[in-house]
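S.K.: starting from these lines, generate the structure:
(chains A and B)
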Amino acid sequence: MSSGVAVDLENVWIKFGDFVAVREANVSINGGDFFSFLGPSGCGKTTILRAVSGFLDPSEGRVLIGGNDMAGIGPNKRPTALIFQNLALFPLMKVWENIAFSMEVTGASAGERRKRADELLDMIALEGQGDKLPSELSGGQKQRVAIARALCANPDVLLLDEPLSALDLKLRQHMRTELREIQQRVGITFIYITHDQGEALTMSDNVAVMKAGVIDQIDSGHNIYDHPSTPFVASFVGENNVFRGKVSAVNGNEAVISTNRSGDLLARITPTQVGKMNVGDDAMMFIRPEALELGEAKPSAKTTISANVINEEFEGNSFSVFLEGDGGKSIKMSVPNLGQDNISARGENLSLHYDASNAVIMPAGDLASE
Amino acid sequence: MKNNMIFAQFFKNNGLMMGSLLIGLVGFWVIVLVILPQLSMLDYSFRYNLPPAELGGPKDVYTLHNYKHLLYGAEGSSGTYNTVDLMVFVRTIIAAMLVTIANILMCYPLAYYLGQSKGSGFVRLLVVLLIIPYWINEILRAFALRIIFGDSGLINEVLMLTHLTTEPIDFIRQDIALYAGLGYAYILLMLFPMYNVIESLDRNQIEAARDMGASWARIHRRIVIPHAKPGIASGATMVFMLSAGALAAPQVLGGPSSLWFTQLVYQWFNDSLNWQQGAAYAMVLLLSTILIVLTLMRVFKVNMGDIGK
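M.R.: Residues are numbered from 1 along each chain as shown, chains lettered A, B, ... in the order given. As a prediction, this is how the structure comes out:
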């Protein structure tokens, strides 16, 4: 259990009657990776997980685990372990019986099962709690028991279906770190399903962003955030100001977009679209709130936006300033809290500028609905 | 102190009018309709069967005579024990247990299917189809079964047409019709409690067990049946109690040579007009079935509270 087992989806389609839940998914997950599927609810990410775990078969295409085609192999025969969203601990079994259930299946003696369960309880820092019932544990403890139960079978691939969604914020953040640590310790492939971009970005080696059954982008969390390849990814992952317009000039990997309300703006073309964008194309430009700065750039730089302050919110680590540009264009800016009392006054007219390398431009497309 | 608080809270939640009404109705039901009649039966069972003139007279005293009759027979009879009545009693209890077990075995797969298929239209139709026959009176259903199981009934006709048998089988005399009738009479009382608990089982638990490599047999043994246990217990209690206490099915479907214990009770009350003796027999049946149910609940580790769920 060191190098990890790769999982591949080859041209996978999953249909329920006329409804296409997953469309032409091609994913290569490296052995030992922490891989996340990120998307809004109903985007098909759980369906993919069920296809990997064997609870449903793809309508077309292949699922390979460690290079072996999984067609016709049921969930009880696959080298995967699934952690359910509601954990699905067995409420009538003691904690140690829960953890060692997969060994019960293979006919291990009660002594062996108890020993292994106690080892795993040590690993998840719940030593001595094996004789409790799951209902006697806290949310975070149940979470860890579910992980231990899944790991007990020594799976090659651990599948996690939004297991943190029921926890409160502090615990969720703590469990993120813990999950990542466990994954690095056991060295097996983790496939993680979430609609929470924070979870996906903090834990994953690679993230696949999904929308309505289609995988829009597969990349590292950093690249997903900095180099979104579609308007959906740009608007779903993190916050973004979107400017619509037509391309008015292209120069290498930069382009000028002639926006409807905010004039001409310069931005970097997203890597996958370099060389593919032409003058006159419908385009969208995205600038993160934290990429906007106060003050004017050189007049020729085409990276200045002027806007009136509508409201300001103090977020603790930053200030969010909500502005209205020309024609009612709403813009959000985020300024780190460095001890200022405030950033702006209501109604004040501000000049904002940005570095063209921090703004991306791409062909127009669907945004993530708010 | 604590009880006072519960009552105060009860009236607070329901209002004085509604609260009094609820307590009044439940009290009426439990005390007037259940406890008092049973107490009077208990009282009867310890008295002699006297002509009205002697009631309250010197002979009207408490006695164990009626209970002795069940054990040892009429005073001055030849045998040591009242083997005839005792055999009927034992046979009734054992047959009621077998009927209960058969009902559990038949209902479990059905309840599992219905409970786990998440209320599709087809399932709702199945449930309605199961209920409709119960709109018909119990005695009529028993007679219908008697006709079906009769010498020229549907089953014998089919068996003879297919040459599986040359002569009609006497289902009535062999008590097959009786067991079928008893098994059918209360099967819904087994099915619905089971269906309800199985429906409440989180499907993910089954999938989790499956994901961990468990076979279907193990999933049922370790996950579904433990979860369904309160429902099974509740259904089994009702079916056992009601089968042991059934009268219509044994009267209509029972063979001429085999009596059900309730028929003995009925005969004491109705034919011999000896209510005292009948009450003693009925008390023995009631207390024995309660004792058996409580013992089995302890054996299978079911709490009374679980059954109420």
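
S.K.: rest of the way, CA atoms for contacts and neighbours
M.R.: Noted.

S.K.: what is the burial count for residue 216?
M.R.: I'll assume chain A. Counted with other Cα atoms under 10 Å in any protein chain shown, residues neighbouring A:Asp216 total 18.

S.K.: meant chain B actually
M.R.: 12.

S.K.: tell me the pLDDT of the nearest residue to it once chain neighbours are set aside.
M.R.: Excluding the flanking residues, the one nearest B:Trp216 by Cα to Cα, 6 or more residues apart in numbering or on different chains is B:Arg210, at 7.7 Å. On pLDDT, B:Arg210 comes in at 91.

S.K.: packing partners of the one helix or strand B:Arg210 maps to?
M.R.: B:Arg210 belongs to helix B:203-211 when assigned by DSSP states H and E. Here helix B:203-211 touches strand A:80-83, helix B:216-219, going by 3 or more Cα pairs under 8 Å, 6 or more residues apart in numbering or on different chains; DSSP states H and E.

S.K.: go again using 10 Å as the cut-off
M.R.: strand A:80-83, helix A:101-105, helix B:216-219 (3 or more Cα pairs under 10 Å, 6 or more residues apart in numbering or on different chains; DSSP states H and E).

S.K.: which one of the ones you listed is the most hemmed in?
M.R.: strand A:80-83 (a mean of 26; mean count of other Cα atoms under 10 Å in any protein chain shown).

S.K.: show me what it is packed up against.
M.R.: helix A:45-53, helix A:139-152, strand A:157-161, strand A:189-194, helix B:203-211.

S.K.: B:Val197: which of these is closest?
M.R.: B:Val197 lies closest to helix B:203-211 among those, at 12.3 Å (Cα to Cα).

S.K.: what's the angle between that closest one and helix A:139-152?
M.R.: 30 degrees (axes from the mean of the first three to the mean of the last three Cα atoms, to 10 degrees).

S.K.: give me the residues contacting helix B:203-211.
M.R.: Helix B:203-211 is contacted by residues A:53-55, A:74-91, A:98, A:101-102, A:105, A:150, B:116-118, B:212-216, B:218-220, B:222-224 when judged by Cα atoms under 10 Å, 6 or more residues apart in numbering or on different chains.

S.K.: ok, now with 7 Å
M.R.: For helix B:203-211, the external contacting residues (Cα atoms under 7 Å, 6 or more residues apart in numbering or on different chains) are A:75-76, A:81-82, A:88-90, B:219.

S.K.: and residue 306, what's its pLDDT?
M.R.: Answering for chain A, as no chain was given. At A:Ser306, pLDDT is 85.

S.K.: the chain in question should be chain B.
M.R.: Looking at B:Asp306, the pLDDT reads 73.

S.K.: next one: A:Ser2
M.R.: Looking at A:Ser2, its pLDDT is 44.

S.K.: could you do the one 4 residues further on as well?
M.R.: Predicted confidence (pLDDT) at A:Ala6: the value is 89.

S.K.: and the gap between the residue nearest to it when sequence neighbours are not counted and chain B?
M.R.: Of all residues not flanking A:Ala6 in the chain, A:Gly31 sits nearest, at 4.0 Å (Cα to Cα, 6+ apart). Using Cα to the nearest Cα, to the nearest Å, A:Gly31 is found at 21 Å from chain B.

S.K.: pretty sure A:Gly31 sits against A:Val5.
M.R.: Yes. Using Cα atoms under 7 Å, A:Gly31 is in contact with A:Val5, at 4.1 Å.

S.K.: okay, and the residue of the stretch 151-300 of chain B found nearest chain A sits in which element?
M.R.: Residue nearest to chain A within the stretch 151-300 of chain B (Cα to the nearest Cα): B:Gly213, separated by 3.8 Å. Using DSSP H and E, B:Gly213 sits in no helix or strand.

S.K.: which parts of stretch B:287-306 are buried?
M.R.: Going by neighbour count (16 or more other Cα atoms under 10 Å in any protein chain shown), the buried part of stretch B:287-306 is B:289, B:292-294, B:297, B:302.

S.K.: pLDDT check: weakest of the residues you listed?
M.R.: Lowest confidence among those: B:Val302, with 84.

S.K.: just say helix, strand or coil for that one.
M.R.: Counting by DSSP: H, G, I helix; E, B strand; the rest coil, the backbone at B:Val302 sits in coil.

S.K.: what sits against it?
M.R.: By Cα under 7 Å, 6+ apart, B:Val302 lies in contact with B:Pro230.

S.K.: what segments of chain A are helices?
M.R.: A:45-53, A:95-99, A:101-105, A:110-123, A:139-152, A:169-186, A:197-203, A:221-226, A:231-236 (DSSP state H).

S.K.: roughly how far does the residue nearest to A:Gln273 when sequence neighbours are not counted sit from A:Ser59?
M.R.: Using Cα to Cα, 6+ apart and skipping residues adjacent in sequence, the residue nearest A:Gln273 is A:Met362, 6.7 Å away. Counting by Cα to Cα, to the nearest Å, the gap between A:Met362 and A:Ser59 amounts to 33 Å.

S.K.: now A:Asp196
M.R.: Counting by Cα to Cα - A:Asp196 and A:Ser59 are separated by 28 Å.

S.K.: close to chain A: what parts of the stretch 201-309 of chain B are there?
M.R.: Within the stretch 201-309 of chain B, the positions near chain A by Cα under 7 Å from any Cα of the partner chain are B:204-205, B:208, B:210-214.

S.K.: now, among the residues you listed, which is nearest to B:Gly181?
M.R.: B:Gln205 (37.0 Å).

S.K.: so who does the spatially closest residue to B:Asp202 that is not a sequence neighbour touch?
M.R.: Once flanking residues are discounted, B:Asp202 sits nearest to A:Ala88: 7.6 Å by Cα to Cα, 6+ apart. When contacts are counted by Cα under 7 Å, 6+ apart, A:Ala88 touches B:204-205, B:208.

S.K.: from A:Glu199, how far off is A:Ala88?
M.R.: Taking Cα to Cα, one finds A:Ala88 at 21 Å from A:Glu199.

S.K.: just for the stretch 151-300 of chain A, where's the confidence low?
M.R.: Along the stretch 151-300 of chain A, the model assigns pLDDT under 70 to residues A:297, A:299-300.

S.K.: quick check, the residue in it closest to chain B?
M.R.: For the stretch 151-300 of chain A, Cα to the nearest Cα, closest residue to chain B: A:Ala153, 7.2 Å.

S.K.: I'd say that residue and A:Ser102 touch.
M.R.: Yes. At 5.6 Å, A:Ala153 counts as touching A:Ser102 under the criterion of Cα under 7 Å.
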